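In: Need coordinates for the below:
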Amino acid sequence: MKSINYFFLLIFLAGMISGCTREQEKPEKADNEHFLLATLFQQKAAEKRALSYQAFNMAKFMLDGEMRRAGLTKKLAVVVDIDETVLDNSPFQAKCILENTDYPKYWNEWCELADAKPLAGSVEFLNYAKSKGVEVFYITNRKIKLFDATIKNLKEKDFPFADKEHLLMKTDKSDKEPRRNIVRKNHEIVLFMGDNLGDFIHVFNNKNIEERFSLTDSLRNEFGRKFILLPNPMYGSWVDELFESNYDLSKEEMKKLFKKHLKDF
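Out: Residues are numbered from 1 along each chain as shown. Sure, this is the predicted structure:
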């Protein structure tokens with residue numbers, strides 16, 4: 001009888017050991033910590049704030065030059081993106097890291113708070129443009145259902161032209177060119193500001209990494225003049241192209257693709 005009991009005990013212990021081994025071999029759940037430094041840069045780096053001031057100082061300098069240009073027949077306009085151009089959404093990105101979630105989870109909740117802070121220099125520059133008779137148009141790919149919350153956020157942070165006429169949101173397409181053309185009907189756009197190359201001109205839409213580099217080189221004279229770019233290491237088209245916008249990939253698969261793009265020595 002004792003030998004039988006020992007036999008079953010050995011089987012039980014073997015099962016326990018096997019189960020523990022499988023548990024140890026089970027890969028850890030993939031997380032979002034690859035976004036950690038990028039998000040901390042947005043929130044904690046004085047260099048990020050300096051770059052923002054630099055962008056809006058350059059915008060003021062270029063706007064002053066455009067206003068002195070003879071032969072302008074239309075009203076002047078500045079076109080700006082919203083997210084990571086005039087409003088800071090890094091708290092949403094931080095939430096995604098801490099909760100290990102991804103867009104669109106929490107995005108609507110974040111926007112509905114209407115409490116995103118202005119990027120350094122943004123409110124001052126856009127109000128300066130208004131004081132000079134230049135209209136500001138906000139062209140964003142936030143969905144139209146966030147219209148009221150976005151207006152509220154802009155108004156409460158003292159941004160000018162926070163109204164229905166000057167806020168052009170995404171309806172069915174991400175391409176901003178049709179909305180830029182609406183502005184062009186009655187205005188001459190003298191300056192574009194954004195954190196993504198598609199905020200400036202449609203040629204960057206749906207292009208791969210090398211094509212984006214080539215187009216950037218071909219437009220080199222526009223940057224710092226008509227196109228003012230703000231840094232955004234957290235997300236954007238540049239990230240999408242690293243995994244070819246294949247959102248069916250797991251986080252672990254995405255990380256592997258990210259690493260494949262690295263060039264070492």
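
In: how about low-confidence regions in the stretch 1-150 of the chain?
Out: 1-29, 70 (pLDDT under 70).

In: so where do the strands sit in it?
Out: For the stretch 1-150 of the chain, applying DSSP state E, counting those that start in this stretch gives strands covering 75-80, 87-88, 117-118, 135-143.

In: which strands and helices sit next to the first one?
Out: Strand 75-80 makes packing contacts with helix 46-68, helix 122-131, strand 135-143, helix 177-184, strand 187-194 when contacts are defined by 3 or more C-beta pairs under 8 Å, 6 or more residues apart in numbering; DSSP states H and E. C-beta coordinates here come from the backbone N, C-alpha and C atoms, glycine included.

In: And the longest one, what does it pack against?
Out: What it means is helix 46-68. helix 36-44, strand 75-80, helix 122-131, strand 187-194, strand 227-229.

In: got the contact list for the longest one?
Out: Looking back up the chat, that one is helix 122-131. 52, 56, 59-60, 63, 78, 80, 85-86, 135-136, 157-161 (C-beta atoms under 8 Å, 6 or more residues apart in numbering).

In: same check, this time on the second one
Out: The contact list for strand 75-80, computed with C-beta under 8 Å, 6+ apart, reads 59, 63, 66-67, 86, 122, 126, 129, 133-139, 180, 183, 186-194.

In: Is it possible to mark the buried ones in the residues you listed?
Out: Neighbour-count burial (16 or more other C-beta atoms under 10 Å) is assigned, among the contacts of strand 75-80, to 59, 63, 66, 86, 122, 126, 129, 134-139, 180, 183, 187, 189-194.

In: if we can go back for a sec, among the strands of the stretch 1-150 of the chain, which is nearest residue 220?
Out: strand 75-80 (20.5 Å; C-beta to C-beta).

In: Buried ones in that closest one, by neighbour count?
Out: So strand 75-80, judged by 16+ other C-beta under 10 Å, has buried residues 76, 77, 78, 79, 80.

In: which residues does the residue nearest to residue 187 when sequence neighbours are not counted bridge with?
Out: Nearest residue to residue 187 in three dimensions, chain neighbours excluded: residue 77, at 3.8 Å (C-beta to C-beta, 6 or more residues apart in numbering). Residues in a beta bridge with residue 77, per DSSP bridges, are residue 135, residue 189.

In: Look up how far residue 228 lies from residue 77.
Out: 14 Å (C-beta to C-beta, to the nearest Å).

In: do residue 51 as well
Out: 11 Å.

In: Those two: who's more crowded?
Out: residue 228 (26 against 17; other C-beta atoms under 10 Å).
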